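Visitor: Compute the structure for the input listed below.
(one chain, ligands or ions: 2)
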Amino acid sequence: MWTIQPRGLGDLLEALRNRGYRVVGPVVRDGAICYEDLGSIEDLALAWLDEQEPGNYRLTGSGNGDLFSYSPGAHTWKKFLHKPSVTLWRATKDQKGLHLKEEPTAEGKVALFGARPCELAAIAIQDRVFLEGPFVDSFYAAARKEMFVVALNCSHPSKSCFCVSMKTGPRAATGFDLCLTEIHPNGEAELVVEVGSETGGLILADLQRREATEKDLEAVRKTLEEAEQRVERSLDTEGIQGLFDRSFESPQWDDVARRCLGCANCTMVCPTCFCTTVVESSDLAGAEATRTRIWDSCFTKDFTYIHGGSVRPSGYSRYRQWITHKLANWIEQFGTSGCVGCGRCITWCPVGIDITAEVEALRARERTGSGSGGSSHEGNA
Ligand code: SF4
Ligand code: SF4
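Guide: Numbers count the residues shown, from 1 in each chain. Ligands and ions are numbered 1, 2, ... in the order given. Next up is the predicted model:
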């Protein structure tokens, strides 16, 4: 382990750029933490404090000397890996006929700067989905191939976070090239750096650093222990697949459907949600057509539209599908939960629907015997 000064962050950025990486990381835009290109250290979001709770997000200056006192905002790293819009192919027509052109998948080298432990867990989940199943997503594979990850251990969990329940934070165990932890040994910020890969070691060798002392490592342990204790929210995952099996007709789905707007925010901000649809468009002259893959959501009616109508026409069935897949069926499908406890779906739900509270409500209905068969809903749709 090594220790660098805050000014070393600029050197780290520079070292990555010198090695050909496009560096992306947290910036402040429109009053929120967003993940965008870091042209220089001045772009990096430093000394900001966020307030998050169900349906609420606010960013203010930290004013306490801390560099990273915010947790993730609405953006996720998936926008660089599983992109919101991908052109699959283009076709052009001229006098010689129809010409089909597949879009190239090649990507430049990208460095993610400041990925939180829960976000590394989300990337690992998407790796499983896109790379480790029977079908490899060539666009994801190309973006992932030369990715460098600078992780940032979490010292300021928000009120929406529940990474401890999902065993994804606040300390990153794997999935990074370099991992930083902010400490304040003498009142001033310093960053302890853990090396996670050979490339990480080479990049670190470019920086001014000193070997971390036992006191530094103790400060890291203390910081992360305190962060863990500050995580207020929790989700009881014990026997969760059985809970959802038994709750298929729970009146809770009616309850949540009355509140849910079907806006799909929760799926757009989720770092693991991966649903897409394919749209085709052509120019007015009929000379060029494009097939594009874009993010979609199980909260839209069109997502399950098949001949004759939507399979899930009600908010009842759509919310049930989302949470059941995320927390239970995902385990069967991919061997892992689909939730990393980042809390985004809680913060960015406009009506403050809280995934942890919905699970607790299902459990409470079981305890009180009102867990199934009481729905006023007609059928399961
Ligand atoms: S379901 Fe919610 S808390 Fe879980 S990973 Fe997705 S956005 Fe984060
Ligand atoms: S749960 Fe909230 S964020 Fe998700 S679709 Fe319903 S209203 Fe929108």
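
Visitor: Now do the SS call for the closest residue to Asp37 other than its chain neighbours.
Guide: Distances taken as CB to CB, 6 or more residues apart in numbering put Val24 closest to Asp37, at 5.6 Å, once the chain neighbours are dropped. Every C-beta, even on glycine, is put in place using the N, C-alpha and C of the backbone. Look at Val24: counting by DSSP: H, G, I helix; E, B strand; the rest coil, its state is strand.

Visitor: Name the residues of this structure found near ligand 2, please.
Guide: Counting by CB under 6 Å from any ligand atom, the chain comes close to ligand 2 at Cys260, Leu261, Gly262, Cys263, Ala264, Asn265, Cys266, Phe299, Cys349, Pro350, Val351, Ile353.

Visitor: Surely the first one is in contact with Gly315?
Guide: If I follow you right, that is Cys260. Yes: contact status for Cys260 versus Gly315: in contact at 5.0 Å, counting by CB atoms under 8 Å.

Visitor: So which bits of the host helix or strand of Leu13 are buried?
Guide: Leu13 is part of helix 8-18, with elements assigned from DSSP states H and E. Using 16 or more other CB atoms under 10 Å as the test for burial, helix 8-18 gives Gly8, Leu9, Asp11, Leu12, Leu13, Ala15, Leu16.

Visitor: Likewise for stretch 203-219?
Guide: Neighbour-count burial for stretch 203-219 flags Ile203, Leu204, Leu207, Arg209, Ala212, Asp216, Ala219 (criterion: 16+ other CB under 10 Å).

Visitor: Which strand or helix spans the last one?
Guide: Think Ala219. helix 214-230.

Visitor: after that helix, next one along is what?
Guide: Criterion used, DSSP H and E; the element after helix 214-230 is helix 240-246.

Visitor: buried residues in that next one?
Guide: For helix 240-246, by 16+ other CB under 10 Å, it's Ile240, Leu243, Phe244.

Visitor: between the residues you listed, which is nearest Ala32?
Guide: Ile240 (31.0 Å; CB to CB).

Visitor: That closest one and ligand 2: what is the separation?
Guide: From Ile240 over to ligand 2 the distance is 18 Å, taken as CB to the nearest ligand atom, to the nearest Å.

Visitor: hang on, isn't that residue packed against Thr324?
Guide: No: with contact defined as CB under 8 Å, Ile240 does not count as touching Thr324 (9.8 Å).

Visitor: any idea how far ligand 2 is from Pro6?
Guide: From Pro6 to ligand 2 the distance is 36 Å (CB to the nearest ligand atom).

Visitor: What's the per-residue pLDDT of the closest residue to ligand 1 within the stretch 51-200 of the chain here?
Guide: Closest residue of the stretch 51-200 of the chain to ligand 1, CB to the nearest ligand atom: Ala122 (6.2 Å). Ala122 carries a pLDDT score of 98 in this model.

Visitor: likewise Phe176?
Guide: pLDDT at Phe176 comes out at 98.

Visitor: For it, the count of nearby residues, please.
Guide: When neighbours are defined as other CB atoms under 10 Å, Phe176 has 24 of them.

Visitor: Just the pLDDT at Gly374, thanks.
Guide: Confidence at Gly374, expressed as pLDDT, is 52.

Visitor: Repeat that for Gly308.
Guide: At Gly308, the model reports a pLDDT of 88.

Visitor: do the one 3 residues further on as well
Guide: At Val311, the pLDDT value in this model is 91.

Visitor: Compute the distance between it and Ser317, please.
Guide: Per CB to CB, to the nearest Å, Val311 is found 8 Å from Ser317.
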